[in-house]
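Asks: need a structure here:
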Amino acid sequence: MPDMELGRQEVSAGAPSVGDKPVAAERPVERPAVAPAAPVARASQRNPVFSELVQGEEDLAGLVGYALYKLNKRDWLATFFKTHGRDPTEEEVQSYILGERTQRRLATYRKLAEDMIGRKAAALAERNAAAAAPAGQQRISAMKSNSLKSSLPADASAVGPRRSAMATLIFWIAVLVVLGAAGYYYVNYSSLFLGR
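Replies: Modelled structure (predicted):
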């Protein structure tokens, strides 16, 4: 109890006494400064963007849209500080929020959120399909049989689209033209190849 001893020393050091007992002089008690409790934010002072974007607990697009809004606000605050060298005033923040509350801006946040959710869902479905596909497909192995053709599926459409006969004909004609040109060049300019 060091505090009590300290108090007794203060009382006995030069304080008036009554009989044998010293009497403490009346003085104001110093209390540590305690910050007043923060006032409870009223509904009118809260940021209304959340209530305008999110319609319920299961509204995933609204929740993601609100997260996108908060990312934009954070970026705005950082840019504001970098540009002006100070934090924005309460009026400047309220002006920003007012601009973000327009119906077009709220619809943009919802649309961005829906697109993001759709992309993530498609990527997840694709990843799940890719993980499940190897178990269902036949694995090609040269050790399994005498030829690779026997390991291909019986259904030709499962392999991929086939080339038309016209495309195959054009391909082989192009090969013959290139070979013919190479032969002609070799015959007429054989001295270049033979070193004569």
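
Asks: longest helix of this structure?
Replies: Under DSSP state H, the helix in the chain containing the largest number of residues is helix 103-136.

Asks: That helix - what's its average pLDDT?
Replies: The predicted model assigns helix 103-136 a mean pLDDT of 86.

Asks: Which neighbouring elements make contact with it?
Replies: helix 49-53, helix 60-84 (3 or more C-beta pairs under 8 Å, 6 or more residues apart in numbering; DSSP states H and E). To be clear about C-beta, it is placed using only N, CA and C from the backbone, and glycine gets the same treatment.

Asks: got the buried residues for it?
Replies: For helix 103-136, a neighbour-count test (16 or more other C-beta atoms under 10 Å) marks Arg105, Leu106, Tyr109, Arg110, Ala113 as buried.

Asks: what's the angle between it and helix 60-84?
Replies: 120 degrees (axes from the mean of the first three to the mean of the last three C-alpha atoms, to 10 degrees).

Asks: So for the next helix or strand after helix 103-136, mean pLDDT?
Replies: Moving toward the C-terminus from helix 103-136, the next helix or strand (DSSP states H and E) is helix 165-188. Averaged over helix 165-188, pLDDT sits at 83.

Asks: Show me what helix 165-188 is packed up against.
Replies: Counting by 3+ C-beta pairs under 8 Å, 6+ apart, helix 165-188 packs on no helix or strand.

Asks: Between the two ends of stretch 85-92, how far is it?
Replies: Using C-alpha to C-alpha, to the nearest Å, one end of stretch 85-92 lies 14 Å from the other.
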